[in-house]
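Engineer: Sharing a sequence plus its predicted fold:
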Amino acid sequence: MKKILKGMLDTMNSVKTPRMTALRELHEAETGSFSILIGTILSARTKDETTTKVVKVLFSKYKNAKELANAKTKDVEKIIKPIGFYRIKSKRIIEVAKIINSKYKGKVPDNLEKLIEMPGVGRKTANCVLVYAFDKPAIPVDIHVHRISNRLGLVDTKTPEETEQELMKKIPKKYWIEINDTFVMYGQNICKPISPMCNVCKIKRDCRYYKTKNAS
Ligand code: SF4
């Protein structure tokens, strides 16, 4: 895994220094676990640049779970309008804020079971919170992590949930925390869904997809 992660970073740096993912940006800015939870919910089906901008504006108005819990849906909708499915997400993030405020005294829980009890929080979102808010080992599997893991031949799976289970079995825990960030950047910049840039990829010799395509 070390070789794969290093190969991905070397490839990206040799082409163009990649833009940080939205969650990495929130992590680096030390905006706190609540903004990472809300940012992760908002980031689904939305461009990273848009998520980062909207989260900044949202948290300049509502500084914590208590303030967001008391917000009016219409006011939140106006702020997060550039985000995909903003109406549903406005209601959802206010609901989540209410739970964090009343059940957890304003603090985001740092365990998977409690996180996935919240509305709109699935395994991927919960795992993102563990990695980006708490630096805990977990493997959030989105479409990029799922696609690249299958292309490389690390797994042979049909769904992101299966991929997460297989990766957890195969990959030593010390690498879990890096996987989402590196694979997502690689999926956005190099190993894209259509026409992956295999010509510049430094891990092509370890890639099942590349070997199969160039077998004949
Ligand atoms: S060789 Fe191509 S398909 Fe394989 S990891 Fe690299 S870019 Fe992706």
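Structural biologist: Yep, it's here.
Engineer: can you pull the buried residues of stretch 26-35?
Structural biologist: For stretch 26-35, a neighbour-count test (16 or more other CB atoms under 10 Å) marks L26, H27, T31, G32, S33, F34, S35 as buried. Any C-beta I mention is one placed from the backbone N, CA and C, and that applies to glycine too.
Engineer: Correction: the previous question concerned stretch 80-98.
Structural biologist: Neighbour-count burial for stretch 80-98 [16+ other CB under 10 Å]: I80, I83, Y86, K89, S90, R92, I93, I94, V96, A97, K98.
Engineer: Run a quick check on the fourth one versus I41, I expect a contact.
Structural biologist: What it means is K89. Yes: judged on CB atoms under 8 Å, K89 makes contact with I41 at a distance of 6.4 Å.
Engineer: List the neighbours of stretch 29-36 that are in contact with it.
Structural biologist: Residues outside stretch 29-36 that contact it (CB atoms under 8 Å, 6 or more residues apart in numbering): 23, 26-27, 39, 55, 59, 64-65, 97, 100, 106-108, 110, 128-129, 132-134.
Engineer: Of those residues, which count as buried by neighbour count?
Structural biologist: Buried among the contacts of stretch 29-36 by 16+ other CB under 10 Å: 23, 26-27, 39, 55, 59, 65, 97, 100, 108, 128-129, 132-133.
Engineer: then the top helix by length along the chain to PDB, C-alphas only?
Structural biologist: Counting residues, the longest helix found in the chain (DSSP state H) is helix 86-103. This file holds the C-alpha atoms of helix 86-103, laid out as PDB (Å, rounded to 0.1, in the frame of the first residue of the first chain):
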ATOM      1  CA  TYR A  86     -29.900  22.200  -1.000                       C
ATOM      2  CA  ARG A  87     -33.500  22.000   0.200                       C
ATOM      3  CA  ILE A  88     -33.300  18.500   1.600                       C
ATOM      4  CA  LYS A  89     -29.800  19.200   3.000                       C
ATOM      5  CA  SER A  90     -30.900  22.400   4.800                       C
ATOM      6  CA  LYS A  91     -33.500  20.400   6.800                       C
ATOM      7  CA  ARG A  92     -31.100  17.600   7.400                       C
ATOM      8  CA  ILE A  93     -28.200  19.700   8.700                       C
ATOM      9  CA  ILE A  94     -30.600  21.600  11.100                       C
ATOM     10  CA  GLU A  95     -31.900  18.200  12.300                       C
ATOM     11  CA  VAL A  96     -28.300  17.000  12.800                       C
ATOM     12  CA  ALA A  97     -27.400  20.200  14.700                       C
ATOM     13  CA  LYS A  98     -30.400  19.700  17.000                       C
ATOM     14  CA  ILE A  99     -29.300  16.200  17.800                       C
ATOM     15  CA  ILE A 100     -25.700  17.200  18.400                       C
ATOM     16  CA  ASN A 101     -26.900  20.100  20.600                       C
ATOM     17  CA  SER A 102     -29.400  18.300  22.700                       C
ATOM     18  CA  LYS A 103     -28.100  14.700  22.800                       C
END
